[in-house]
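[1] Only the shape, not the letters, is given here:
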């Protein structure tokens, strides 16, 4: 009622009128408040889509009426932090009036924002994501794997550089981990990967979305840190990637978007530019 700037009694009356209209209980009332019934969840999901479509309609009309490009909001993970700058520069040259905002986060964090129309599309890993459940489209861009980095004087770096020996999964066992990106899903993926290669669970002592913080901590001890390979150039000097005998945490990455979003011209063009950039410079990432 505070959000709508109406009284609580007026809101309750409107809720009852809505239930009467649909001849169904939309709200389950209990001592601690109100929650949606299965009928209510269906209506809410459709209303979110209606609101999103209304926002797109306003933007399309504004583009036609004013001849302006508008505002593009992109959600992206660390894998795209290096890929995206030349894409944005190319896009800006074509649409000089376009305003661009970047929102960082994992795909699981970004998808709810995509569904509600707060971002236009999200870039990230497509693994373990049921796009049908969110009502969005996934377009593959690149296959990516993570690499493991250590400080340059780490025993495994010395083994690799001085002794010219490849690093095995067993070599990783004694060392604690820094998990770059605070994500439960990624924690599970790391542990599952190690388990499939007959290794004990990783001793993850730090999880961080802040690359600079994670890298600074890496320099303070004989730790292991995972990072998507395209983002390897983002790390500070003093770290080296291990040459493992197996590919580590491989996954398919791409763009998530609502199908109708492509009706906004610069969104489809931006997605095409990203595909071009990857084909030209990251096809072997």
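    Sure thing, it's come through. In this text the structure is predicted, and so the values were computed from the model without any measurement.

[2] and residue 21, how many neighbours does it have?
    9 (other CB atoms under 10 Å). The way it works is simple: take the backbone N, C-alpha and C, and place the C-beta from them, glycine included.

[3] give me the element it is part of.
    helix 8-22 (DSSP states H and E).

[4] How about residues contacting that helix?
    With CB atoms under 8 Å, 6 or more residues apart in numbering as the test, helix 8-22 has contacts from 1, 4, 25, 26, 27, 39, 43.

[5] Can you tell me the closest non-neighbouring residue to the second one?
    Once flanking residues are discounted, residue 4 sits nearest to residue 11: 6.5 Å by CB to CB, 6 or more residues apart in numbering.

[6] cool, and residue 216?
    Residue 216 sits nearest to residue 236 (CB to CB, 6+ apart), 7.9 Å away.

[7] close enough to count as contact, residue 193 and residue 251?
    No: counting by CB atoms under 8 Å, residue 193 sits too far from residue 251 to count as a contact (10.8 Å).

[8] All the helices of the stretch 101-250 of the chain, residue numbers only.
    Counting by DSSP state H, counting those that start in this stretch, one finds helices in the stretch 101-250 of the chain at the ranges 107-115, 131-134, 155-161, 169-172, 184-196, 211-218.

[9] Ramachandran coordinates for residue 36?
    Main-chain dihedrals, residue 36, degrees, to the nearest 10: phi -80, psi 140.

[10] what's around it, how many residues?
    15.

[11] Verify the contact between it and residue 25 for me.
    No: shown here, residue 36 and residue 25 do not form a contact pair, counting by CB under 8 Å, at 9.9 Å.

[12] what's near enough to touch the closest residue to residue 145 other than its chain neighbours?
    Distances taken as CB to CB, 6+ apart put residue 250 closest to residue 145, at 4.2 Å, once the chain neighbours are dropped. Neighbouring residues of residue 250 by CB under 8 Å, 6+ apart: 143, 144, 145, 146.

[13] Any stretches of the chain with poor pLDDT?
    Residue ranges of the chain with pLDDT under 70: 59-60, 62-69, 126-134, 283-285.
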